[in-house]
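1. any chance you could fold what I've pasted below:
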Amino acid sequence: MTATAPTNAPGTAQGRGAVLDRYRRHVSRGRARLAALTGGAAEVASAGSRVWDADGREYVDCGGYGVFLLGHCHPKVVDAVVDQVRRHPMATRILLEPVVARAAEALARVAPAGLDYVHFVTSGAEATETAIKLARAHGKRRLVSAVGGYHGKTTGALALTAKPFYQDPFRPLLAAEHVPYGDADALERALVDGAPACVVVEPVQGEAGVVLPPAGYLRRVQRACREHGAFFVLDEIQTGLGRLGAWWGANAEEITPDVLLVGKNLSGGVVPVAAAVATADAYAPFDRDPFLHTSTFAGAPVAMAAAAAAVAAIDEEDLVDRARALGGQLLHLLDEAFAPVMGDAVVEIRGRGLLIGVELADEGLAGELVLHLLRAGVLVNHSLNAHKVVRLTPPAVLTDADVELLADAFASARTALINNLSSTRRTVH
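-> Numbers count the residues shown, from 1 in each chain. Reported below is the predicted structural model:
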């Protein structure tokens, strides 16, 4: 998979200024201020693991908030989408849509056993909203999630996203309780007393800074939900479809939640799409009345073509195993690169598969690491619920050349952090 830098995009300082000005006037002044800190570069082309900005500079993409397991512009997904666009991109919603049926069958085939019914939506937050409504249809109106959890920012999902910074401007929200992540005893205590609940957790908390639970946690969550009549929702929007080096985080403990939330990688990196995948019992209210919860663009044929092609490509190209192997390799490279600053600048490096977090001593150092890697040609993200953690979600299509570039970038960033620490110590003394 190859691509060349664009030749017709605005690549001058004047071009950058025009984009920033349009952002200020029509999109977001705050976003424009943030972009100005990194020089206002604009991404204009992508393929495989690479992204190009308007100046023709090339980056290895290890960011994208977990969307690009398949990389950018994967040919199988692009071909399926282009073919669908030319034939029938949107549906009337009056007649049956074969591509919806095909995509649902493909997703159910790779989902944990027993999750047979699929409700497609256009974003992960909408998938969370779908699960909340399904739970309410079953009489489970009480919401319980984990501290640090991130499940979206629409009003219902925001109640589950346990961060006051995002919640406070929009209160009152739906009532929700938040228990410590990884503490199954705390969850069980919360379920013992109170009304029937809907419990929503992640197999690994991504936006909390790549927080891994203790072994057996998910199995205990499932058992507690069953014993206390709770509706169990597993949010795999970021972790699913191979990101953790397994098809699902649920696979590690052989569990089947009532509803599994899917997103990000389901898009194939081409068209936004997400889904809630449910057991027959959990899905029964929507199964009886297909108009109980609907959305105009949900299940659009063009998005369904992307979803079906993405699942097929992940399977046919063994990208789940590739994610597991690459994840181990990158964790080793990071450990090796940042060993000289462990305990000073870097607190911990952790991850599973291609969901990797580098925790820094403070938010300032995390911001510097993001900028150092950017200058070295690597795109990464900070974690929305843990600003001290720099998060890497690289594609499973990284080449050997990409890995070499990443090793060099990590070494360069380490040197910059060492220089920063030395400068700070000189200033203090």
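
2. just the strands from the stretch 151-300 of the chain, written as ranges.
-> 176-179, 197-201, 231-236, 259-262, 274-278 (DSSP state E, counting those that start in this stretch).

3. which residues touch the residue nearest to Leu384 when sequence neighbours are not counted?
-> Spatially, and ignoring its direct neighbours in sequence, Leu384 is nearest to Glu207 (4.4 Å; Cβ to Cβ, 6 or more residues apart in numbering). For glycine as for every other residue, the C-beta is placed from the backbone atoms N, C-alpha and C. If you count contacts by Cβ atoms under 8 Å, 6 or more residues apart in numbering, Glu207 has them with 148, 150, 238, 383-386.

4. can you redo those residues as JSON lines with pLDDT?
-> Shown next, in JSON lines, are those (pLDDT from 0 to 100):
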{"residue": "Gly148", "pLDDT": "96"}
{"residue": "Tyr150", "pLDDT": "97"}
{"residue": "Gln238", "pLDDT": "98"}
{"residue": "Ser383", "pLDDT": "93"}
{"residue": "Leu384", "pLDDT": "91"}
{"residue": "Asn385", "pLDDT": "93"}
{"residue": "Ala386", "pLDDT": "94"}
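
5. endpoints of stretch 214-234, how far apart?
-> End-to-end distance for stretch 214-234: 16 Å, by Cα to Cα, to the nearest Å.

6. report the buried residues of that stretch.
-> 217-218, 220-222, 224-225, 228, 230-234 (16 or more other Cβ atoms under 10 Å).

7. tell me which entries of the contacts of Glu207 lie within strands.
-> 383, 386 (DSSP state E).

8. any weak-confidence spans in the stretch 251-400 of the chain?
-> Nowhere does the stretch 251-400 of the chain drop to pLDDT under 70.

9. would you map the helices across it?
-> Assigned by DSSP state H, counting those that start in this stretch, the helices in the stretch 251-400 of the chain fall at 280-288, 301-316, 319-338, 363-375, 400-428.

10. packing partners of the last one?
-> Put plainly, it is helix 400-428. Packing partners of helix 400-428 (3 or more Cβ pairs under 8 Å, 6 or more residues apart in numbering; DSSP states H and E): strand 58-61, helix 319-338, helix 363-375, strand 378-379.

11. who's in contact with stretch 76-84?
-> 70, 99, 268-271, 301-302, 304-306, 308-310, 312-313.

12. from the residues you listed, which is closest to Trp248?
-> Ala310 (14.8 Å; Cβ to Cβ).

13. give me the neighbour count for that closest one.
-> 29 (other Cβ atoms under 10 Å).

14. dump the residue contacts of the nearest residue to it once chain neighbours are set aside.
-> Computed as Cβ to Cβ, 6+ apart, the closest residue to Ala310 that is not its neighbour in sequence is Gly268, at 3.3 Å. Going by Cβ under 8 Å, 6+ apart, Gly268 touches 70, 74, 76-77, 306-307, 309-310, 313.

15. could you do Leu212 as well?
-> Residues counted as contacts of Leu212 (Cβ under 8 Å, 6+ apart) are 204, 350, 352.

16. ok, now His228?
-> 188, 191-192, 197.

17. which of those count as buried?
-> The buried subset of the contacts of His228 - by 16+ other Cβ under 10 Å - is 188, 191, 197.

18. distance of the first one relative to Leu212?
-> If you measure Glu188 against Leu212 using Cβ to Cβ, to the nearest Å, the figure is 20 Å.

19. please indicate which of the contacts of stretch 76-84 are buried?
-> Buried among the contacts of stretch 76-84 (16+ other Cβ under 10 Å): 70, 99, 268-271, 301-302, 304-306, 308-310, 312-313.

20. most tightly surrounded among the helices of the stretch 251-400 of the chain?
-> helix 301-316 (a mean of 23; mean count of other Cβ atoms under 10 Å).

21. between the contacts of stretch 76-84, which sits nearest Leu373?
-> Distances from Leu373 to the contacts of stretch 76-84, taken by Cβ to Cβ, are shortest for Gly269, at 20.5 Å.

22. just give the nearest non-adjacent residue to the closest one, would you?
-> Nearest one to Gly269, counting by Cβ to Cβ, 6+ apart, is Phe68 at 4.4 Å.

23. shouldn't that neighbour be in contact with Leu392?
-> No. Assessed by Cβ atoms under 8 Å, Phe68 is found out of contact with Leu392, at 11.8 Å.

24. who has more neighbours out of those two?
-> Shown here are Phe68 and Leu392; by other Cβ under 10 Å, Phe68 has more neighbours (29 against 24).

25. phi, psi of that one?
-> phi -110, psi 50 (degrees, to the nearest 10).

26. what's the answer for Gly71, then?
-> Here Gly71 shows phi and psi, under degrees, to the nearest 10, equal to phi 80, psi -170.

27. can you classify Val77 by secondary structure?
-> Classification of Val77 using DSSP: H, G, I helix; E, B strand; the rest coil returns helix.

28. can you report how many residues lie near it?
-> 25.

29. nothing else from me, thank you.
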